[in-house]
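# this is the structure alone, sequence omitted:
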């Protein structure tokens, strides 16, 4: 015996047309806001659709019109505000243009990202936005041959498939190192999260170390946690560095979350910032500006990146002038009070 609850039949376009006393083509025009119909007709159709709980079949509409209103977005994490900020900028812009964002989260797993990209492309979206430039070979092949506009986000250090919007992570690392060196720090350590998973953090560290080498210096110590970024990981990482490396003057963190952990460790131990130890982060999160000593960091234009990528996603393919394939929105160094 089948004890499953039967699924009620979904309301159809024909049901709405019958309830509103109009033809199906009129209902279609009203729901798509396309073509001619009177305000009274629209009111009747919308009231009937609401009463019946009608949900338009967007996939069927896409097949009929050869034009999807979906834009896929694949991001690595929702663990902090960074990628939600990107989504906020993208979704506001897309919805204003009548497009619907569809979101997947890879948790920094390349194979999971590949699966999400394949699933998104199967829906034939108008465009696909993906964080970063590094993907599996299969994911790159899928995107390159999909016929879908691809916009890669948050990185410009490497070849892009179609379009890229963001900033240079290498240059972020270089600017961070120059700031610390200009403040007189020479014995510098690094605390970060999983660099194999987060290739953008690895690029920032590479840029940072490049500037140190140019000055005949090297990191005094390096602690990377084989786990996602978190305040707890930053606290534990700095604790291990301080136990190993004596005389460290400054610590460069992979991002603000990790730096906040270091900040709280210093508070608990009575380590005076920045006189006894300087801390420098990345992302420019809002909480860093309201700490008793604002965090020294790099602020990135995350909302603007999402909005700019969304505009590129829905721009006509034949627009004049054509979009710049690499849109650099830059970053801002925030001196703060910890370095």
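Thanks, I have the structure now. These figures come from a predicted structure and were not determined experimentally.

# please tell me how far the residue nearest to residue 94 when sequence neighbours are not counted sits from residue 104.
Spatial nearest neighbour of residue 94, chain neighbours left out: residue 310 (4.7 Å); criterion: Cβ to Cβ, 6 or more residues apart in numbering. Using the backbone N, CA and C atoms, a C-beta is placed for each residue, glycine as well. Separation of residue 310 from residue 104 (Cβ to Cβ, to the nearest Å): 16 Å.

# of the two, who's got more company?
Neighbour count, other Cβ atoms under 10 Å: between residue 310 and residue 104, residue 310 has more, with 28 against 16.

# got the buried residues for the host helix or strand of the more buried one?
According to DSSP states H and E, residue 310 maps onto helix 302-314. Using 16 or more other Cβ atoms under 10 Å as the test for burial, helix 302-314 gives 302-303, 305-314.

# for this structure, what helix or strand is lowest in average pLDDT?
Every helix and strand of the chain was ranked by mean pLDDT, DSSP states H and E. The lowest is helix 58-65, at a mean of 52.

# neighbouring contacts of the helix or strand just after that helix?
Downstream of helix 58-65, the first helix or strand assigned by DSSP H and E is strand 70-75. With Cβ atoms under 8 Å, 6 or more residues apart in numbering as the test, strand 70-75 has contacts from 58, 62, 83, 86-87, 90, 94, 99-106, 113, 116-117, 120-121, 123, 125-131, 310, 313-314.

# 6 Å instead, please
Strand 70-75 has contacts (Cβ atoms under 6 Å, 6 or more residues apart in numbering) with 83, 94, 99-105, 113, 116-117, 120, 123, 125-131, 313.

# which intervals of the stretch 201-339 of the chain have sub-threshold pLDDT?
Counting by pLDDT under 70, the stretch 201-339 of the chain shows low-confidence ranges at 317-323.

# how about the helices of this structure, start to end?
Taking DSSP state H to define them, one finds helices in the chain at 13-20, 24-32, 39-52, 58-65, 82-96, 110-122, 137-144, 169-182, 199-214, 231-244, 256-269, 286-289, 302-314.

# dump those helices to a markdown table, plus distance to residue 153.
Below are these laid out as a markdown table (distance: least, Cβ to Cβ, whole Å):
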| stretch | distance to residue 153 |
| --- | --- |
| helix 13-20 | 37 |
| helix 24-32 | 30 |
| helix 39-52 | 36 |
| helix 58-65 | 24 |
| helix 82-96 | 6 |
| helix 110-122 | 13 |
| helix 137-144 | 13 |
| helix 169-182 | 12 |
| helix 199-214 | 10 |
| helix 231-244 | 24 |
| helix 256-269 | 19 |
| helix 286-289 | 20 |
| helix 302-314 | 6 |
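
# now for those, which one comes closest to residue 220?
In terms of Cβ to Cβ, the element of those nearest to residue 220 is helix 231-244, at 8.5 Å.

# now the angle between helix 256-269 and the closest one, please.
Orientation check (axes from the mean of the first three to the mean of the last three Cα atoms, to 10 degrees): helix 231-244 against helix 256-269 gives 60 degrees.

# got the contact list for helix 231-244?
By Cβ under 6 Å, 6+ apart, helix 231-244 touches 189, 191, 193, 221, 223, 225, 227, 257-258, 260-262, 264-265.

# repeat for stretch 174-184
207-208, 211-212, 250, 280, 333.

# how far out from the middle of the chain is it?
The chain centroid and the centroid of stretch 174-184 are separated by 27 Å under Cα atoms, centre = their mean, to the nearest Å.

# pLDDT wise, what is the closest residue to residue 327 other than its chain neighbours at?
Excluding its sequence neighbours, the residue lying closest to residue 327 (Cβ to Cβ, 6+ apart) is residue 165, at 4.6 Å. Listed pLDDT for residue 165 reads 98.

# surely residue 165 and residue 307 touch.
No - distance between residue 165 and residue 307: 9.5 Å, which falls outside the contact criterion (Cβ atoms under 6 Å).

# make CSV out of the buried residues of helix 302-314 and add distance to residue 181.
Formatted as CSV, the buried residues of helix 302-314 follow (distance: Cβ to Cβ, whole Å):
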residue, distance to residue 181
302, 27
303, 31
305, 28
306, 33
307, 34
308, 32
309, 34
310, 38
311, 38
312, 37
313, 40
314, 43
